[in-house]
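> coords please:
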Amino acid sequence: MNAEKIFRLEQVRKVYGRREVLAVEELDIFRGEILGLVGPSGAGKSTLLRLLNFLEPPTSGRIYFQGNGYDGRVPLPVRRRITTVFQRPLLLEGTVAYNVAYGLRLRGRPDCREKVAGMLERVGLSALAGEPAHTLSGGEAQRVALARALILEPEVLLLDEPTANLDPYHVALLEEIVCRQNREHGTTIVWVTHNVFQARRVAHRVGLLLNGQLVEVAETRSFFERPRDPRTAAFVRGEMVY
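Presented below is the predicted three-dimensional model:
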């Protein structure tokens, strides 16, 4: 694994009102890795992704991206190096091809037909390029959302439960697309999932969040076979650790 840190979090806290929802003392994310984040609902996983995508600032602490520290306003060129795929595809009115091209058009690249065609082929949707997006199945729609993110060539791809509502076929298909993106392009991926089996399949390292606290981060095999924290061991066994 590449030892270069693409993200570093130090003393990062996020508070809504009087409720602290995230408190990460320290976290390094390395360039080119797939980091899986697991934990129960409400553990702070999605909040952490919003901070990593600079959609929200931390209440306190500092987030370093490519060596530069941020605790508030982040320049647009920096934010454009990171993109997110959510649990719900959130497609626009229009065709499949229009949806995949949307981000490129926003970035001033309107003539992108060849690039869109290539991306649709990568995700297995070439035959549906001209179809209205609202006619797609859930798995097809999520592949469109993933293609729309990947076509922007992000340095970091954040995934917030992208396969939670999909059938096993589409789960395997999306996992293969994302892992291939990581292998072939070196894209750094942070993958939030409730599914510990998925984390074990796809991630190089896995972290456990409980009650907003980062309990443990370790290489995947060690995380599942030799966890250091008893809460990690309990979570891996499927026991309640809320």
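> for the record, mean pLDDT for stretch 84-91?
Mean per-residue pLDDT for stretch 84-91: 91.
> Run the chain-centre distance for the helix or strand hosting Ala97.
Using DSSP states H and E, Ala97 sits in helix 96-106. Helix 96-106 has its C-alpha centroid displaced from the chain centroid by 20 Å (C-alpha atoms, centre = their mean, to the nearest Å).
> contacts for it?
Contact with helix 96-106 is made by 83, 91-92, 110, 112-113, 115-117, 119-120, 125, 128-133, 136, 144-145, 147-149, 151-152, as judged by C-beta atoms under 8 Å, 6 or more residues apart in numbering. Using the backbone N, CA and C atoms, a C-beta is placed for each residue, glycine as well.
> Which pLDDT value belongs to the closest residue to Gly212 other than its chain neighbours?
Nearest residue to Gly212 in three dimensions, chain neighbours excluded: Gly44, at 4.1 Å (C-beta to C-beta, 6 or more residues apart in numbering). At Gly44, the model reports a pLDDT of 94.
> quick one: contacts for Gly44?
Taking C-beta under 8 Å, 6+ apart, we find Gly44 in contact with 14, 21-22, 209, 211-213.
> got a winner among those residues for most neighbours?
Sorting the contacts of Gly44 by how many neighbours each has (other C-beta atoms under 10 Å) puts Leu22 first, at 26 neighbours.
> Who is that residue paired with across the strands?
Lys14 (DSSP bridges).
> related to what we said a few turns ago, list the buried residues in the helix holding Ala97.
The neighbour-count check on helix 96-106 (16 or more other C-beta atoms under 10 Å) flags 96-104 as buried.
> And Val74, how far from Pro57?
8 Å (C-beta to C-beta, to the nearest Å).
> for Arg205, same thing?
From Arg205 over to Pro57 (counting by C-beta to C-beta), the distance is 26 Å.
> Can you give the distance of stretch 73-88 from its chain's centre?
11 Å.
> actually stretch 80-91, not the one I typed
8 Å.
> Also stretch 23-36?
In terms of C-alpha atoms, centre = their mean, the centre of stretch 23-36 is found 12 Å from the chain centre.
> Using neighbour counts, pick out the buried residues of that stretch.
Of the residues in stretch 23-36, 23-24, 27-36 count as buried by neighbour count, 16+ other C-beta under 10 Å.
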